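> give me coordinates for this.
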Amino acid sequence: MPVKLPSITVVTPCLNAAATIGEALESVRSQGYPGLEHLVMDGGSTDGTLEIVRSFEHARLFQSPTEVACRLPTRASHSPPAMWWPG
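I've put the predicted structure just below:
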C-alpha cells in the first residue's frame, strides 16, 4: 500500500531579489515533491522580481508591504504550520 506524503508549504520572502529568486524557485520546483505548495511573499520589489516569480507556474505570488507579508503565510497556506521564523 503506497504511503501518502503530507502536504508541505514552502514560503519564500523576497524584496528586490531578481538576482537570486529564479534559482530559489527552480530549487524548490526541482525537488519533485507531490504535495508541495510554494508561496512567494514579496515586500514591494521594483527590480524585476515579480516578473520572474510570475514565470514559474508552481509559485503563488503575494504582494504586500513587508510588515503584512510576514503575517500572511499562515492565512494563505493550505498546510498547517510546522515551523515559522518571522523575518
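> helices of this protein, residue ranges please.
21-29, 49-54, 66-69, 73-76 (DSSP state H).
> who does the first one touch, helix- and strand-wise?
Right, helix 21-29. Packing partners of helix 21-29 (3 or more Cβ pairs under 8 Å, 6 or more residues apart in numbering; DSSP states H and E): strand 8-14, strand 36-42, helix 49-54. (Each C-beta comes from the backbone N, C-alpha and C, glycine too.)
> 7 Å - rerun?
Where contact means 3 or more Cβ pairs under 7 Å, 6 or more residues apart in numbering; DSSP states H and E, helix 21-29 is packed against strand 8-14, helix 49-54.
> need the contact partners of that helix.
For helix 21-29, the external contacting residues (Cβ atoms under 7 Å, 6 or more residues apart in numbering) are 10, 12, 14, 38, 49, 52-53, 56, 58-59.
> 10 Å instead, please
8, 10, 12, 14, 17, 36, 38, 40, 42, 45, 47-50, 52-53, 55-59 (Cβ atoms under 10 Å, 6 or more residues apart in numbering).
> give the buried residues for it.
Residues 21, 24-25, 28-29 are the ones in helix 21-29 that count as buried (16 or more other Cβ atoms under 10 Å).
> just the CA trace of it, in PDB.
Extracted in PDB, the C-alpha atoms of helix 21-29 (Å, rounded to 0.1, in the frame of the first residue of the first chain):
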ATOM      1  CA  ILE A  21      14.800  34.400  -6.900                       C
ATOM      2  CA  GLY A  22      14.900  32.400 -10.100                       C
ATOM      3  CA  GLU A  23      17.400  30.000  -8.700                       C
ATOM      4  CA  ALA A  24      15.400  29.700  -5.400                       C
ATOM      5  CA  LEU A  25      12.200  28.900  -7.300                       C
ATOM      6  CA  GLU A  26      13.900  26.400  -9.500                       C
ATOM      7  CA  SER A  27      15.400  24.700  -6.500                       C
ATOM      8  CA  VAL A  28      12.000  24.200  -4.800                       C
ATOM      9  CA  ARG A  29      10.400  23.100  -8.100                       C
END
